[in-house]
Structure formats: structure tokens, C-alpha cells
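> Return atomic coordinates for the entry below.
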Amino acid sequence: MESHSQIEDAVTEWLARRDSGRWSEDDEACLQQWIAVSTARRVAYLRLKSTWDMASRLRVLRGGTSPTQSAGAVPAPGEWRRSPFFEQSAVAAPATVTAPRRRRGMLVAAVAASVVIGISAGFAAYQLWSTSGDRYVTPVGGLASVPMPDGSNVTLNTDSQIRVAVTDTERRVELQQGEAFFDVAKDPTRPFVVHAGARRIVAVGTRFSVQRLDDDVRVLVTEGRVRIEGEASSPVLIAAGSVARAAGSAVVVRKALPPQVDELLSWREGYLRFHETSLADAVAQMNRYNTRKIVIEDPGLAAIRISGTFRPTQYEAFVRVLQDGFSIQARNESERIALTGGP
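Have a look, this model is predicted:
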């Protein structure tokens, strides 16, 4: 089965060939035949084509050009024009491209830089001190990297809150809401304990994520092992490559295949990846990152399966893909976007 990155690479090649000046009717027919093989291909094509066409109308990242730079060329690292808010972020030098791949390079540079800028904007948390530990809060749509004094690191997802306290005997994190990924430094003398509602997730040196939605807790382990404890249930040991769901007194553990792990943790890269995900679940994920919500008004749409990679705060692009790929109607309202079936 093709991966998302393989499909996106293929789409980029198709788009570069289309704009090379040697595109024929036979080429168009081959493209349409390639797209028709799977929904994932169609979604990726529609999404990347939109970005590609935008890149042809705009200079790279609206950055303008310097006196020594030709129009349409990719700027050097020091020539990116960014607002002062982003001045602290470092943007890597895009690769040099030549025709007929120039617009492909513009697309890759524009997409990559927008991700870097988006992450730079989000990787900041409000830090509030209290006698029971430091508190970190991310806004809706934001991400944050929180280094701990013991060498561990916490990555916070959108709309999340944690309280951190490190003592001589314990490293304690209280996940008050949202989601966090923990990269835990090894220290057998000080257990690393995450409190999420009535649950305690205990580790020594490992990597795992915890998502808390009220009393519903999900734990995904990517390295090492963790132990889930609860007042109303026996301790459950979770090994790497497993995901556990704890609700009430029940803890359900299942294996997580690599594509599932990639999907569940793609938010750390500034993306949301969906693979045959129901539209209801995909919309719920997108809504976590935006104050303006997407609402499915037609219940028949909820079970539609979609695949693709999206920037979570760009909900309008997500909706456009639904409109183009599935003939879904979108009605813009002041605080929401309502989805209904086609005519």
C-alpha cells in the first residue's frame, strides 16, 4: 500500500510535468486514470494542486525579491520576509531548483516554510508559576516544547494544560486537559508520573503520549513501557507499540500498527494525517485546533472515509477538499461551517 509521502511525491511529479510545457491529452488521461485508483490519491491531488496553483500566482511566501534576486526565485535563508514575531525562528535554505521543476521547488519551499513558521508561532506556551509546580498552557491551535530540569521533554498539543513539579523522589506532571508527548530521561531513582484525572501513568525512561478528554484517557507508547494505575482498576502494563484506552474502571489495550502511530502522533510535525478515517473523526480532530468549528449537519456524511495530510489550523483548505472530492456542500456561518450533502 502506498504511503502518504509516496502519494504526495507522485502528485508533485505529475504537477511538475503538467507545467513543463510538454503536457498532452494523453498525459491528462494518464493522470486522471492514476487519480481514479484511490480516494487517497484524489484527496492528495486536489490538496496539493490548490497549493501549487497558489504558488504560481504569488511570489514565494509573499516574500518579494531582493535587488540581487530574480523574480520568482527562491529567496536565500536571510532574505525571508517575516513579521518580527517570527524573527527568532530559523528557516533552512531551500534546495536550488531548475526548470521545469521550478514551480515544484516553489511549492515544496512554500509548504515547508509555512510549516516551519506555523510551528515557530505555536511552539510557545504560557508559563504560570504556583507553589505546586510550573503550569504550562497552549492556546487553541498552538504547540509547545517544554524542557524539564531532569532532561526530559514534554511536547504539548493544542489547547492543553500541564503542571510540572520535579523533586528528589519524583517527577510529576499533571495533565489537566488536552494532549502531551513525553520523552522521559532515564532515572530509576525518580519515577516519572503523569496524572490524568483518576489515572496515573508511571514510567522510568520511555517515550509515550497521553490524551485526556475529561475522564477518557488514551496512552500510546512508542518506546519502553509504562504502567497505568487507577483507584478502581488493577495496574496495567503497556509495552511499546501499544495504545491503551482507559474509561471508567476499564482499560483496553491493543497493538498499534506503524501507520496508526504515525497518524496519532503527526500533530507533533504540524500536520494531521488521516488514513481511511471517518469524516466524523476527521472533523472532530480539525475542530480541536480551531475556534471556528466544522459541523456535519447531514448524518449521512459522517461515515465517509477520507485519507490525506492537512495542516490542522487551515480548516478552509480541508473544507475545499471535501467540496471538490466528495461533492459536499459547505455553508459559511459566523462561528461555524456547516456541511451538507450535494444536490
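
> Just say helix, strand or coil for the nearest residue to Thr313 once chain neighbours are set aside.
Nearest residue to Thr313, sequence neighbours excluded (C-beta to C-beta, 6 or more residues apart in numbering): Gly141, at 4.7 Å. Using the backbone N, CA and C atoms, a C-beta is placed for each residue, glycine as well. Following DSSP: H, G, I helix; E, B strand; the rest coil, the label given to Gly141 is coil.

> In this protein, where is pLDDT below threshold?
Within the chain, the ranges that satisfy pLDDT under 70 run 1, 4-5, 20-21, 47, 50-133, 342-343.

> Now the longest strand along the chain: buried residues?
In the chain, taking DSSP state E as the definition, the longest strand is strand 171-183. For strand 171-183, a neighbour-count test (16 or more other C-beta atoms under 10 Å) marks 171-175, 178-183 as buried.

> got it, and stretch 274-284?
Within stretch 274-284, the residues scored as buried using 16+ other C-beta under 10 Å are 274-275, 277, 279, 282-283.

> quick revisit: mind listing what the residue nearest to Thr313 touches?
Gly141 sits next to 122, 158-159, 289-291, 312-313 when contact means C-beta atoms under 8 Å, 6 or more residues apart in numbering.

> quick one, what contacts Arg225?
If a contact means C-beta under 8 Å, 6+ apart, then Arg225 has 203, 206, 237-240 as its contacts.

> which of the residues you listed lies closest to Tyr45?
Tyr45 has its nearest neighbour among the contacts of Arg225 in Ala240, at 35.3 Å by C-beta to C-beta.

> what's around the closest one, how many residues?
16 (other C-beta atoms under 10 Å).

> Make sure it is actually in contact with Thr222.
Yes. Here Ala240 lies in contact with Thr222, judged by C-beta atoms under 8 Å, at a distance of 6.0 Å.

> what do the two both touch?
Here Ala240 and Thr222 share no contacting residue, scored by C-beta under 8 Å, 6+ apart.

> Please tell me how far the nearest residue to Ala303 once chain neighbours are set aside sits from Tyr136.
The shortest distance from Ala303 to any non-neighbouring residue, by C-beta to C-beta, 6+ apart, is to Ser278 (5.7 Å). Between Ser278 and Tyr136 the distance, using C-beta to C-beta, to the nearest Å, works out to 32 Å.

> mind listing the helices for this structure?
Assigned by DSSP state H, the chain shows helices spanning 4-18, 25-35, 39-57, 102-122, 258-265, 279-287, 315-326.

> between the first one and helix 25-35, how big is the angle?
For helix 4-18 against helix 25-35, the angle by axes from the mean of the first three to the mean of the last three C-alpha atoms, to 10 degrees is 170 degrees.

> Tell me which residues of helix 4-18 come out buried.
Result for helix 4-18 [16+ other C-beta under 10 Å]: buried residues 4, 7-8, 11-12, 14-18.

> And stretch 140-148, by the same measure?
The neighbour-count check on stretch 140-148 (16+ other C-beta under 10 Å) flags 141-146, 148 as buried.

> go on, stretch 22-37?
Of all the residues in stretch 22-37, those buried under the rule 16+ other C-beta under 10 Å are 31, 35.

> picking that back up, which two of the contacts of Gly141 have the greatest separation?
The span of the contacts of Gly141, defined through C-beta to C-beta, is set by Gly122 and Thr291 at 14.4 Å.

> Tell me which of these two has more neighbours.
Legend: neighbour count by other C-beta under 10 Å for Gly122 and Thr291, higher for Gly122 (22 against 10).

> Run through the strands of the stretch 101-250 of the chain in chain order.
Applying DSSP state E, counting those that start in this stretch to the stretch 101-250 of the chain gives strands spanning 126-130, 133-137, 144-147, 153-156, 161-166, 171-183, 192-196, 199-203, 207-213, 216-223, 225-230, 233-239, 242-247, 250-255.

> Surely the residue nearest to Ala303 is in contact with Ile296?
No. In terms of C-beta under 8 Å, Ser278 does not count as a neighbour of Ile296; the distance is 10.2 Å.

> joint contacts of the two?
Joint contacts of Ser278 and Ile296 (C-beta under 8 Å, 6+ apart) are Ala302.

> Run a quick neighbour tally on the nearest residue to Thr222 once chain neighbours are set aside.
Excluding the flanking residues, the one nearest Thr222 by C-beta to C-beta, 6+ apart is Arg207, at 4.8 Å. By the criterion of other C-beta under 10 Å, Arg207 has 19 neighbours.
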